[in-house]
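Student: A predicted structure for the sequence below; I have some questions about it.
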Amino acid sequence: MNDGWTCRTEMEPLINMMVDFDGTFEGWRAAAGRYLRCEIEPHGLHWPDPYQRCGSLFAPLGSNGGGSQRDADRVDPAPKLTNSAAAFRPLEKRYPPVSASRWAGFLRLAQRVCYARFSERFGLLYRVAWRMRHGESDLPLLLTDPDMLAIMRWDSSVRRDAHKTTAFVRFKLVHRDRQTGIEYFAASHRPQHYPLRLVGSFFADRFASMRWAIFTPDENACWNGSNTIYSRARDGQALPHEDDVEQLWCIYYSHIFNPARVNAAAMQREMPKHHWQTLPEATVIPELIRHAQQATRRMQNHIDEPQRRRKFPVSDPGTSSPTKSIDQQSPDESGAVRLKDNSGREEDGTVNE
Amino acid sequence: MQGHREDRDGLVDLSVKLAILADAAKYDASCASSGAKRKGNGKLGNATGVGICHSYTPDGRCVSLLKILLTNFCIYDCVYCVNRISSNTRRARFTPEEVASLTINFYKRNYIEGLFLSSGIIQSPDYTMEQLVRCAHLLRLEHQFNGYIHLKAVPGASSALLELAGRYADRLSANIELPTAADLRHLAPQKDHAEITAAMGQIAERIEVRRGRASSIHDAETTLPTEAGETYRSGRRAKEVFAPAGQSTQMIVGATPASDMTILRTADGLYRQYALRRVYYSAFSPIPHHDSRLPGIAPPLLREHRLYQADWLLRFYGFTVAEISTAAVNDCLSLNMDPKLAWALHHRGRFPVDINRAPRHELLRVPGLGVRNVDRIIRMRRIRSVRLEDLVQLRVPIRRARPFIIAGDFHPSALKLDQLSFADVSRELLLFAHLTAPVGGVNE
């Protein structure tokens, strides 16, 4: 903690200003840099949330601009100071400079946290940047500091949400141009945070030859073949229509599922229900689960009676508790051990140990 | 599928085939699409390195790839397999064009990361492998598809075909099928353990050569078919890549009486010898119309889970099979507790471990500490002492880890202080209790 914190009550009436920025990471970064250079303490700044429609005091989020660089340039160049003399308080002692790699690491975090659905995010990030510059340059390593803890939590939440966006966006074919052969796709997606700007480059790289648009309740992204363009969501955005290939996809989904291993809890942990309305395959889930029990029983009925009674070698004969056969095991019991399906895990990074 | 709107029959036909051939592929556990990193080619597809699970089926398993068989016709008679020649299951066969267009159509809608293509053995291993390679060839060269492809390597296929497969595919896998050669002889008499490992060896060698680690390969330059000279990745010579995501294999667990330690020893051997990325363990599922040589019921899924945990210990936690087996009962992993905890309880002398001083490999042995948290602790302790509450914040399962660690503010044996009654002292006092205080006052 530094002096900026202890004299909080004293400073409060002196500075209280609304930051004018576009709500993107680049915008936050440019504004925060300017305020830091001016030594403006975190509690004197009010960072508005650009995605909250009511009470917003500034221009809509980087509309139709395209490049985020241009958005950053639009930030008001000079901080608006209500009391400039107080804002330029000199530092009482010189603090060691923060290394470039430490800043870079923090900015990588900040880039994701800027798109969290958490109205205090910009202020929190500025506060951490401020503390780093005022003697706590190692702050990003102190993962259990309350501010860092909050940042890490939001970061992992946004990261997960961005990853789920790359996973759960489902394009529908809207139009195929007969002359050029170019196909136009559209998707509707309901993310938890505001991840579009984090994943835009992923979609642009992967689906470069297509033209696509992703609609979310807050923001839209659109690829025109050379640029990704972001815009604010409008009311009453229509969902794209049905796509024939969805039928085939549902068939595939139903048949790759092994009813003998039904574990709906594990599925919902990874694929929460609020995504279901934009996933074509979700329409068949209830039916699959209902039939799973019956299907397993059907399969086992092919097994001869005497064999079913014969107990298969128990894998741990040393323990006193007899291993239950599938017949005895209720679905609740098998769910209760919370099986993690390692076979479905990805090798690197994406899974918590 | 371009013309499916005009041709309803074609669509129906395709749906039926898809249903049959997805059904037949579901016993393959792998659906990983990680390990290959490739920028987009400006057309369709890239590989991000981490892989994405695009959906989850109600069994909790991830759907990352279009996992299908080219055909479920098969000349082999492996008793554990639904597709064996003697089974009366429905049969179907895709054309390579159908496989390619299904993959492209699913990929464009962001349903999948790519294709995982396997097949029953038709006519001969070479013929089957050639059909699989043809699908990959169509995708890479005609559709300029740059997404993920996993091809099954058919043991016994020629090395020229394997070479081609490795150029198109990101990952190759030859299934070891069962834990021991004897098991394979018993349940899959037409398959040959040596032939399977030979295929693995060939793949491993080629991967190593392309990464520049081995010094020579005898036939890489000489036996290539001319077709292989074509390039498909923006200006890069195809020769440079071979199965960039490595190879994996699958083993069926519980179809034979092989013990967990036998299984792990086999897996460990494969990891060492062929540098496999993954060994998948697939709990045997009872299949329709099954054979009397098979057990009637599936092993508990928990057994498969324990094997995966032990496998993780081998690959990321520096354990050896011999160490894991010290905690095994009758050569099997305990179903009641995870193998790391079981090992720790058998080696209590190595604990408690001081999380502020112990080297990384010792921290990895602490029950409840995963690789990621161990690395976080190491980063944090450079700055200040790590305390128990820090572990709570890192979401370490504290009740499991606590008895095994010393933290900045915590020592497990100090826990006992609260339980100690200091009985000797009290009893001594008791002798003189009648002199000093009423008896009730010093009563324990």
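Tutor: Okay, I see it.
Student: in the stretch 151-300 of chain B, what spans have low per-residue confidence?
Tutor: B:212-240, B:287-290 (pLDDT under 70).
Student: run the last query once more with 80
Tutor: The model of the stretch 151-300 of chain B has pLDDT under 80 over residues B:211-240, B:285-299.
Student: Equivalent analysis for the stretch 51-200 of chain A, please.
Tutor: Low-confidence segments of the stretch 51-200 of chain A (pLDDT under 80): A:51-96, A:143-144.
Student: Would you mind pulling the contact partners of the host helix or strand of B:Asp126?
Tutor: Applying DSSP states H and E as the criterion places B:Asp126 in helix B:125-137. Outside helix B:125-137, the residues within contact range by C-beta atoms under 8 Å, 6 or more residues apart in numbering or on different chains are B:70, B:96, B:99-100, B:115, B:117-122, B:149, B:151-158, B:161-162, B:164-165, B:168-169, B:227. C-betas here are computed from N, CA, C, even on glycine.
Student: from those residues, which would you call buried?
Tutor: B:70, B:96, B:99-100, B:115, B:117-122, B:149, B:151-157, B:161-162, B:164-165, B:168-169 (16 or more other C-beta atoms under 10 Å in any protein chain shown).
Student: and whichever helix or strand B:Ile263 is part of, which residues are buried?
Tutor: Following DSSP H and E, one finds B:Ile263 within helix B:260-274. By 16+ other C-beta under 10 Å, the buried positions in helix B:260-274 come out as B:Asp260, B:Met261, B:Thr262, B:Ile263, B:Leu264, B:Arg265, B:Thr266, B:Ala267, B:Asp268, B:Leu270, B:Tyr271, B:Tyr274.
Student: Mind pulling up the pLDDT for the residue of the stretch 1-150 of chain B found nearest chain A?
Tutor: Nearest residue of the stretch 1-150 of chain B to chain A: B:Gly60, at 2.7 Å (C-beta to the nearest C-beta). B:Gly60 is assigned a predicted lDDT (pLDDT) of 84.
Student: Backbone dihedrals for it, please?
Tutor: phi 80, psi 0 (degrees, to the nearest 10).
Student: Can you get me a residue count around the closest residue to A:Ala31 other than its chain neighbours?
Tutor: Nearest residue to A:Ala31 in three dimensions, chain neighbours excluded: A:Phe21, at 4.4 Å (C-beta to C-beta, 6 or more residues apart in numbering or on different chains). Using other C-beta atoms under 10 Å in any protein chain shown, A:Phe21 has 24 neighbouring residues.
Student: does A:Phe21 sit in a helix, a strand or a coil?
Tutor: Following DSSP: H, G, I helix; E, B strand; the rest coil, we place A:Phe21 in the coil state.
Student: What of A:Ile214?
Tutor: Relying on three-state DSSP, one would call A:Ile214 strand.
Student: OK, contacts around it?
Tutor: A:Val169, A:Ala186, A:Ala187, A:Ser188, A:His189, A:Leu196, A:Phe203, A:Asn220, A:Ala221, A:Cys222.
Student: Can you say which helix or strand has the residue in the stretch 151-300 of chain A positioned nearest to chain B in it?
Tutor: Chain B sits closest to A:Ala266 of the stretch 151-300 of chain A, with a gap of 2.7 Å, by C-beta to the nearest C-beta. A:Ala266 belongs to helix A:264-270 when assigned by DSSP H and E.
Student: returning to what we had before: give me the distance between the residue of the stretch 151-300 of chain A closest to chain B and B:Thr57.
Tutor: 10 Å (C-beta to C-beta, to the nearest Å).
Student: what about those two, which has more around it?
Tutor: Using other C-beta under 10 Å, the more surrounded residue of A:Ala266 and B:Thr57 is B:Thr57, with 28 against 23.
Student: Please tell me the pLDDT value assigned to residue 320.
Tutor: Using chain A here. pLDDT, A:Ser320: 33.
Student: Chain B is the one I meant
Tutor: Reported pLDDT for B:Thr320: 93.
Student: does it really touch B:Leu313, like I thought?
Tutor: No. B:Thr320 is beyond contact range of B:Leu313, at 9.2 Å (criterion: C-beta atoms under 8 Å).
Student: which of these two has more neighbours?
Tutor: B:Leu313 (22 against 12).
Student: angle of the strand or helix carrying that one against helix B:260-274?
Tutor: According to DSSP H and E, B:Leu313 maps onto helix B:301-316. Helix B:301-316 and helix B:260-274 are oriented at 40 degrees to each other (axes from the mean of the first three to the mean of the last three C-alpha atoms, to 10 degrees).
Student: Can you give the distance from helix B:301-316 to the centre of its chain?
Tutor: In terms of C-alpha atoms, centre = their mean, to the nearest Å, the centre of helix B:301-316 is found 9 Å from the chain centre.
Student: again, but for stretch B:317-336
Tutor: That offset, for stretch B:317-336, works out to 19 Å (C-alpha atoms, centre = their mean).
Student: How about residues contacting that stretch?
Tutor: Contacts for stretch B:317-336 (C-beta under 8 Å, 6+ apart): A:315-319, A:323, B:259-262, B:264-265, B:268, B:300, B:302-303, B:306-307, B:309-310, B:313-314, B:339-340, B:342-343, B:345-347, B:361, B:364-365, B:371.
Student: mind listing the helices in chain A by residue range?
Tutor: With helices called from DSSP state H, chain A shows them at A:3-6, A:8-11, A:25-37, A:68-73, A:84-87, A:100-113, A:121-133, A:146-168, A:196-206, A:245-256, A:264-270, A:285-300, A:305-309, A:331-336.
Student: As a markdown table, the ones you listed with distance to B:Ile85 would be great.
Tutor: Formatted as a markdown table, those follow (distance: least, C-beta to C-beta, whole Å):
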| stretch | distance to B:Ile85 |
| --- | --- |
| helix A:3-6 | 77 |
| helix A:8-11 | 80 |
| helix A:25-37 | 60 |
| helix A:68-73 | 60 |
| helix A:84-87 | 83 |
| helix A:100-113 | 54 |
| helix A:121-133 | 62 |
| helix A:146-168 | 39 |
| helix A:196-206 | 41 |
| helix A:245-256 | 22 |
| helix A:264-270 | 35 |
| helix A:285-300 | 20 |
| helix A:305-309 | 22 |
| helix A:331-336 | 34 |
